[in-house]
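Visitor: Provided below are the primary sequence and the corresponding predicted coordinates.
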Amino acid sequence: ALKRSLAGSAGRSGGVVLMAVLVILLVPTVLLCLLQPSWPSSGRAGMPESPLVFGIQTSAVKGPSPDIPPHWKDEEAHSSGRSMVSDPDKAAAIVVHENPALAAQLAQIRTGSPDEKQRAVFMLRVYAAEQPENQVAVARSGAIVPLIELLLDASPTLREAAARALWNLARNNKEINRENQKAIAHAGAVEPLVLLLGDEVPRVRVVAAAVLNDLATDNIENQVAVARAGAIAPLVKLLQDEEATALVMAASLLKSLAANRGDDRDLQVALGGAVIPLVALLRADTLLAQEQAVSTLGVLAAYSPEIQVAIARAGAIVPLVERLRGDMMQGTAALALRNLAVDNPDNQVAIVQAGAVVPLVKLLEDGMPGVREEAARALWNLAVDNLDHQVAIVRSGAAIPLVALLKGDAQEHATLALLHLAGIDE
């Protein structure tokens, strides 16, 4: 009986394990189906009858092909990998030769019906998202240009699909694909994507902002191109959008554009146009809107003295100081106030008069290292060349926590703050 009981338990355990394995295997497929854009009711009509699925090659497609001249393949082998083929047309021919399914999708994108184009774009999008090597293969197959052309298609569904495919080519999970980032911009994607920021369909606007954000991330050339293409005005409108994703994407792209502190006067003027809407968002009903406004204003304040002054004049200082006393956004508010105080005596006085010293001193003992560091840096900037502020900071009890920080993660900023409080130049 004991054996039968154990056997039964083992059988049940085995069944549970089997069911768990099946669930794990099936969940990605189910999610893929749920995330798939609306396809026509014709089912799989128009899908390529290729032995390849998402680039998995079978023996049926191996072997020589008269479509690829032998010397192209010799050049590829000689150059230590297909990435070294210098001629883009040759590289594209080699890629599609080795992946007939990819070639079939490209053909449908170029000449297929709207439904076929949508399915083909979706397939490329999914394939590119699987791994970085797939991103490279899709880009080198020549897919970028036809995808960019679809950004201006009359169908909003195709516009969104094409933008999402380019997004997957530019980013893999949390990393930017630098090669594709440059290739997409150089192929002419920036201007049509900027046009999509004003699209009639909200989802298209959001995806366009996301793609532009990834194209602009840590790429000065693309940042300038996006700004000069007229992105900032529609981004300011998106800041007032009630949809959370639109707000986040617009704020993120503005921060990327403001990260390039150049001498471009037109860019500075355009970024200055975002100040008043952002300051208004500090009083928004949602914490998400407030948080995006605080962080974006902090970046803009560091862009130029003119924008620094504009933010203060728009009334940002008081609500930023209020954020220091809350349960959220203390670190980003301290950063924004620190940037507003840099080399600006008028802003320093306004920040102290708004009551920033006491909450900043309290943040020196915050549990988050990043918050302690930003508080120390803000106090440092407020104390520069201002004896009254130095006295106010000391009387608020800053000396002891600053000394404690000398042994911690904010040692440098604590040292500088103490030097300023002692009236010693750095």
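Guide: That came through fine.
Visitor: now the helices for the stretch 51-200 of the chain?
Guide: Listed in chain order, the helices of the stretch 51-200 of the chain (DSSP state H, counting those that start in this stretch) span 70-78, 88-98, 100-111, 114-130, 132-140, 144-150, 156-170, 178-186, 190-196.
Visitor: Now do the longest one: which elements does it pack against?
Guide: It refers to helix 114-130. Contacts defined by 3 or more C-beta pairs under 8 Å, 6 or more residues apart in numbering; DSSP states H and E place helix 114-130 against helix 100-111, helix 132-140, helix 144-150, helix 156-170. For the C-beta atoms, the positions are set from N, CA and C on the backbone; glycine is no exception.
Visitor: Dump that helix to PDB, keeping only the CA atoms.
Guide: C-alpha atoms of helix 114-130 as PDB (Å, rounded to 0.1, in the frame of the first residue of the first chain):
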ATOM      1  CA  PRO A 114      -1.400  45.900 -47.400                       C
ATOM      2  CA  ASP A 115      -2.300  42.700 -45.400                       C
ATOM      3  CA  GLU A 116       0.800  40.900 -46.700                       C
ATOM      4  CA  LYS A 117       3.000  43.900 -45.900                       C
ATOM      5  CA  GLN A 118       1.600  44.000 -42.300                       C
ATOM      6  CA  ARG A 119       2.300  40.400 -41.800                       C
ATOM      7  CA  ALA A 120       5.800  40.600 -43.300                       C
ATOM      8  CA  VAL A 121       6.700  43.600 -41.100                       C
ATOM      9  CA  PHE A 122       5.400  41.800 -38.000                       C
ATOM     10  CA  MET A 123       7.500  38.800 -38.900                       C
ATOM     11  CA  LEU A 124      10.700  40.900 -39.300                       C
ATOM     12  CA  ARG A 125       9.900  42.700 -36.000                       C
ATOM     13  CA  VAL A 126       9.600  39.500 -34.100                       C
ATOM     14  CA  TYR A 127      12.700  38.000 -35.700                       C
ATOM     15  CA  ALA A 128      14.800  41.100 -34.900                       C
ATOM     16  CA  ALA A 129      13.700  41.000 -31.300                       C
ATOM     17  CA  GLU A 130      15.000  37.500 -30.700                       C
END
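Visitor: mind listing what's buried in stretch 185-201?
Guide: If you call a residue buried by 16 or more other C-beta atoms under 10 Å, then stretch 185-201 has these buried ones: 185, 189-197, 199.
Visitor: still on that earlier bit, out of the helices of the stretch 51-200 of the chain, which is the most enclosed?
Guide: Of all the helices of the stretch 51-200 of the chain, helix 156-170 has the most neighbours on average by mean count of other C-beta atoms under 10 Å, namely a mean of 25.
Visitor: thinking again about what came up before, mind checking which of the helices of the stretch 51-200 of the chain is nearest residue 245?
Guide: Distance to residue 245, taken as C-beta to C-beta, is lowest for helix 156-170 among the helices of the stretch 51-200 of the chain, at 13.1 Å.
Visitor: lowest-pLDDT helix or strand in the protein?
Guide: None of the helices or strands of the chain scores lower by mean pLDDT, DSSP states H and E than helix 70-78, at a mean of 36.
Visitor: What ranges in the protein fall below the confidence cut-off?
Guide: Within the chain, the segments meeting pLDDT under 70 span 1-100, 242, 262-263, 367, 401-426.
Visitor: ranges for the strands of it?
Guide: Counting by DSSP state E, the chain has strands at residues 171-172, 175-176.
Visitor: just to revisit the earlier point, could I get the helices and strands packed on helix 114-130 as TSV with distance to residue 269?
Guide: Output for the helices and strands packed on helix 114-130, formatted as TSV (distance: least, C-beta to C-beta, whole Å):
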stretch	distance to residue 269
helix 100-111	39
helix 132-140	35
helix 144-150	29
helix 156-170	28
